[in-house]
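I'll drop the sequence and a predicted model, then ask my questions.
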Amino acid sequence: MPHPEPLTIAITGANSGIGLRAAQRLAADGHRILALCRDLHRGRTALEAINTGAARPATLVVTDLADPDSIDAAAQKISGEAGHLDVLINNAAVFDQTRRTPAFTASGHELFWATNHLGPFQLTARLSPLLAAAPRPRLINVASKGLVTMPRIAIRFDRLDDPGWYSPTRAYYHAKLAQIMTAYTLALRARDALDVACVRVPAVRLDADRVAALPRILRALYAPKNRLAIPAERLGETYAALATRTGTWQQHADPAAAGRSALRGVYVDENLRPVDAPACAYDAGARERLWTVSQQATGDLPWAR
Ligand SMILES: NC(=O)c1ccc[n+]([C@@H]2O[C@H](COP(=O)([O-])OP(=O)(O)OC[C@H]3O[C@@H](n4cnc5c(N)ncnc54)[C@H](OP(=O)(O)O)[C@@H]3O)[C@@H](O)[C@H]2O)c1
């Protein structure tokens, strides 16, 4: 059923998996979708799928989150398209397990850190004036349930782009931890001005073309996992529920509480139930340090409130 007030919603990684399903669902409900996709061709194909059944046509914004110039250009395009932004969903991520050796962006950052943390951080800062112009803005970051097996994971502040500790799995979860911590920082800073959530995504079925592109050995490993994983549509519903909710995370939080309890409700599972993050995310000093290094790495951008 169409939403009573159509929202303007930007979603990264809108060309496949969960991002595509969320975009389709939200577009069908009458919202205006700004579909941020890395590749023009894949983006155009996705736009057709999103617009089938959409109440208003979606807009494609080609954006490579590993490229700061591309992020700036995307933010500029979005500013030209929309006077405000109701929701930003930082969904895109690289989790290419075939990347056995580290890669570095033109800015010198390790690829997973650049794509999965610095890129969304820069994009959120760049779009913060448009979010601030919305009546009830919302930000949704995306992390992973795999972090429950890593309660002691911490941000490697002195070795952020150091290839010495790299493995694709380590680099992926390290950047996902940063997504939760950034959500906590923004939730505490913005309070009523921004409804912030971070979704703990469980194992979700990958699109067939994603699996087909894997080397044979990884394909064989993924096949049973993929069969048991939940459909991407299910997480698309989770994103849509968060993007259109009327309450905020603070309804789950205790304003008088300190530490973990004060942040309860920001990090949620696929059913929107509050869940715990790794211990490092509750360390206010670590969060502040992460903010500082992320600001420095992305050009000390101003944040609109
Ligand atoms: N699937 C799972 O089991 C699972 C589990 C935990 C968490 N998650 C999280 O859920 C989110 C969605 O994943 P998914 O399952 O839907 O995977 P997916 O189908 O592989 O989607 C990932 C999206 O990210 C985009 N992307 C990758 N690198 C990018 C870059 N440099 N710039 C812009 N976009 C880029 C991809 O674009 P291209 O098509 O151009 O590559 C794609 O659209 C991710 O944040 C992921 O970490 C997934």
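Thanks, I have it.

element containing the spatially closest residue to Arg42 that is not a sequence neighbour, please.
Counting by C-beta to C-beta, 6 or more residues apart in numbering, Arg42 lies nearest to Asn15, which is 4.5 Å off, once chain neighbours are set aside. (C-beta placed from N, C-alpha, C; glycine too.) Assigned by DSSP states H and E, Asn15 belongs to no helix or strand.

hmm, Asn15 is touching Gly43, no?
Yes - applying C-beta atoms under 8 Å, one finds Asn15 in contact with Gly43, separated by 5.4 Å.

okay, and the common contacts of the two?
Ala35, Cys37 (C-beta atoms under 8 Å, 6 or more residues apart in numbering).

state the distance from the residue nearest to the spatial centre of the chain to Ala229.
Against the mean C-alpha coordinate of the chain, by C-alpha atoms, centre = their mean, the closest residue is Asn90 at 2.6 Å. For Asn90, the distance to Ala229 equals 21 Å [C-beta to C-beta, to the nearest Å].

then Tyr239?
Taken as C-beta to C-beta, the span from Tyr239 to Ala229 is 17 Å.

of those two, who's got more company?
Neighbours were counted for Tyr239 and for Ala229 using other C-beta atoms under 10 Å; Tyr239 has more, 27 against 15.

list the contacts of that one.
Ile11, Ile18, Ala22, Arg25, Leu26, Ile89, Asn91, Ile140, Val199.

test my guess that the third one contacts Leu242.
No - taking C-beta under 8 Å as the contact criterion, Ala22 and Leu242 are not neighbours in contact, 9.5 Å apart.

of these two, who's got more company?
Taking other C-beta under 10 Å, Ala22 and Leu242 do not tie; Ala22 has more neighbours (30 against 21).

ramachandran angles for that one?
phi -70, psi -40 (degrees, to the nearest 10).

so who does it touch?
Ile11, Ala14, Ile89, Asn91, Leu235, Gly236, Tyr239, Ala240, Ala243.

lowest-confidence helix or strand of the chain?
helix 259-263 (a mean of 83; mean pLDDT, DSSP states H and E).

ok, then the element right after that helix?
strand 267-268.

quick one: is that next one near the ligand?
No - between strand 267-268 and the ligand, judged by C-beta under 6 Å from any ligand atom, nothing touches; the nearest distance is 13.0 Å.

for that strand, packing partners?
helix 168-190, strand 195-201 (3 or more C-beta pairs under 8 Å, 6 or more residues apart in numbering; DSSP states H and E).

quick one: the strands in this protein, in order.
With strands called from DSSP state E, the chain shows them at 8-12, 32-37, 59-62, 87-90, 138-144, 195-201, 267-268.

which one of these lies closest to Pro274?
strand 267-268 (5.8 Å; C-beta to C-beta).

what about the helices and strands packed on strand 267-268, which gets the closest to His84?
strand 195-201 (14.6 Å).

which bits of the stretch 151-300 of the chain sit near the ligand?
So the stretch 151-300 of the chain meets the ligand at Val201, Ala203, Val204, Leu206, Asp207, Arg210, Ala229, Ala232 (C-beta under 6 Å from any ligand atom).

thanks again, I'm all set now.
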